[in-house]
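Novice: Pasting the sequence and the predicted model now:
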Amino acid sequence: MVIRDIRRFPLGFSLDRKINFERRGSITEVLKEVGITKEYVVIWGSGEPYREFLYVDDLIEATVF
């Protein structure tokens, strides 16, 4: 259920404080502010993935250093 998930995993950006769990439609309004509706989800970015990898051995050496 969405309400349970939002309580367990906060949305961030202070949006959690805007949600009134007692009022129907409150969650829908807040999610719409970040581009999430029943019809669509707005995705930001160019679509070209950029990934950085860190090898465990490199992390260990840096930590010890």
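Specialist: Received the coordinates, thanks.

Novice: C-alpha from now on. contacts and neighbour counts both.
Specialist: OK.

Novice: show me the contacts for residue 42.
Specialist: Under the criterion of C-alpha atoms under 8 Å, 6 or more residues apart in numbering, the neighbours of residue 42 are 34-36.

Novice: got a markdown table for those residues, with secondary structure and pLDDT too?
Specialist: Conversion of the contacts of residue 42 to a markdown table gives the following (DSSP: H, G, I helix; E, B strand; the rest coil; pLDDT from 0 to 100):
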| residue | secondary structure | pLDDT |
| --- | --- | --- |
| 34 | coil | 87 |
| 35 | coil | 90 |
| 36 | strand | 91 |
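
Novice: Out of those residues, flag the one nearest to residue 2.
Specialist: For residue 2, the nearest member of the contacts of residue 42 is residue 36. The distance, counting by C-alpha to C-alpha, is 12.8 Å.

Novice: And for the closest one, nearest residue in space, chain neighbours not counted?
Specialist: On the basis of C-alpha to C-alpha, 6 or more residues apart in numbering, the spatially nearest residue to residue 36 that is not a chain neighbour turns out to be residue 42, at 6.5 Å.

Novice: how far away is that neighbour from residue 54?
Specialist: With distances defined as C-alpha to C-alpha, to the nearest Å, the gap from residue 42 to residue 54 amounts to 30 Å.

Novice: how distant is stretch 12-22 from the center of its chain?
Specialist: Here the centre of stretch 12-22 is set off from its chain's centre by 13 Å, with C-alpha atoms, centre = their mean, to the nearest Å.

Novice: For that stretch, buried residues please.
Specialist: Taking 16 or more other C-alpha atoms under 10 Å as the basis for neighbour counts, the residues of stretch 12-22 that come out buried are 16, 19.

Novice: Can you name the residues in contact with it?
Specialist: Counting contacts by C-alpha under 8 Å, 6+ apart, the residues touching stretch 12-22 from outside are 3, 10, 26-27, 30.

Novice: Just put the contacts of residue 42 in TSV and tack on distance to residue 50.
Specialist: What follows is the contacts of residue 42, written out as TSV (distance: C-alpha to C-alpha, whole Å):
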residue	distance to residue 50
34	23
35	22
36	24
